[in-house]
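K.L.:
missing the sequence, but the structure's below:
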């Protein structure tokens, strides 16, 4: 079956530091890949997506590249802010429309 | 444009009871999916509704059931509640069933269910 493995957290960074959150997946077929963000007390918000190999998704300074050869979709940001503190979920989706999520990585950014 | 709204926000039930959670999809979205998010874990797919019928189901027992109404809103019903049912229940909508898997969801803020 499909699965997503995320870098274990929590991750604590200082403001303006570089962020990488690793994500690897196992899937049959050719999934689409997503990063969602969850702020405290809220639901998940779609952050970025990529639908085929070598696509790069980007939003709000975050980027992730769909790497089929390494089955990875690592999330990066060049300079994090305190407001980026949240839980980040990597997910994949196939043609059934059902998404499979990782267990999330908690990011805390300190001033 | 309104987003996905869920009610209630919090709920406490006793083991063995039944519960109904409600969801209004985002305007223009006719497909609703329900997810269970246990503490410290990612969301797990329960089922999806499209055109008032179940359109895919995850590994959840039959005591988890749902409905979708003509206005695309949806209910999640859980019978014979167990302690392990305590979780955040998330509703998500999409404009159509995402047959190519590339669209991504719009999520509500969830209902926090506690079973005691």
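P.N.:
Happy to help now that I have it. For clarity, every value in this text was computed on a predicted model and none was experimentally measured.

K.L.:
what stretches of chain A score poorly on pLDDT?
P.N.:
A:95-97 (pLDDT under 70).

K.L.:
Strands along that one, start to end?
P.N.:
For chain A, the strands defined by DSSP state E cover A:3-6, A:11-14, A:19-21, A:23-26, A:32-38, A:44-50, A:56-59, A:62-65, A:75-77, A:86-93, A:99-101, A:105-110.

K.L.:
same deal with chain B?
P.N.:
Going by DSSP E, chain B shows strands at B:5-7, B:10-13, B:19-24, B:31-37, B:44-50, B:53-57, B:64-68, B:74-78, B:87-94, B:106-107, B:111-115.

K.L.:
Can you convert the strands of chain A into JSON lines and add a column each for distance to chain B and mean neighbour count?
P.N.:
C-beta here means a position set from N, CA and C on the backbone, and glycine is covered the same way. Output for the strands of chain A, formatted as JSON lines (distance: least, C-beta to the nearest C-beta, whole Å; neighbours: other C-beta atoms under 10 Å in any protein chain shown):
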{"stretch": "strand A:3-6", "distance to chain B": "7", "mean neighbour count": "18"}
{"stretch": "strand A:11-14", "distance to chain B": "15", "mean neighbour count": "14"}
{"stretch": "strand A:19-21", "distance to chain B": "13", "mean neighbour count": "17"}
{"stretch": "strand A:23-26", "distance to chain B": "11", "mean neighbour count": "18"}
{"stretch": "strand A:32-38", "distance to chain B": "4", "mean neighbour count": "26"}
{"stretch": "strand A:44-50", "distance to chain B": "4", "mean neighbour count": "21"}
{"stretch": "strand A:56-59", "distance to chain B": "10", "mean neighbour count": "15"}
{"stretch": "strand A:62-65", "distance to chain B": "13", "mean neighbour count": "20"}
{"stretch": "strand A:75-77", "distance to chain B": "14", "mean neighbour count": "20"}
{"stretch": "strand A:86-93", "distance to chain B": "4", "mean neighbour count": "24"}
{"stretch": "strand A:99-101", "distance to chain B": "3", "mean neighbour count": "24"}
{"stretch": "strand A:105-110", "distance to chain B": "9", "mean neighbour count": "17"}
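
K.L.:
could those be laid out in JSON lines, adding distance to residue B:28?
P.N.:
Compiled in JSON lines, the strands of chain A are given as follows (distance: least, C-beta to C-beta, whole Å):
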{"stretch": "strand A:3-6", "distance to residue B:28": "29"}
{"stretch": "strand A:11-14", "distance to residue B:28": "36"}
{"stretch": "strand A:19-21", "distance to residue B:28": "32"}
{"stretch": "strand A:23-26", "distance to residue B:28": "30"}
{"stretch": "strand A:32-38", "distance to residue B:28": "21"}
{"stretch": "strand A:44-50", "distance to residue B:28": "16"}
{"stretch": "strand A:56-59", "distance to residue B:28": "22"}
{"stretch": "strand A:62-65", "distance to residue B:28": "27"}
{"stretch": "strand A:75-77", "distance to residue B:28": "29"}
{"stretch": "strand A:86-93", "distance to residue B:28": "20"}
{"stretch": "strand A:99-101", "distance to residue B:28": "20"}
{"stretch": "strand A:105-110", "distance to residue B:28": "32"}
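
K.L.:
Ranking the strands of chain B by mean neighbour count, which comes first?
P.N.:
Mean neighbour count (mean count of other C-beta atoms under 10 Å in any protein chain shown) peaks for strand B:31-37 among the strands of chain B, with a mean of 26.
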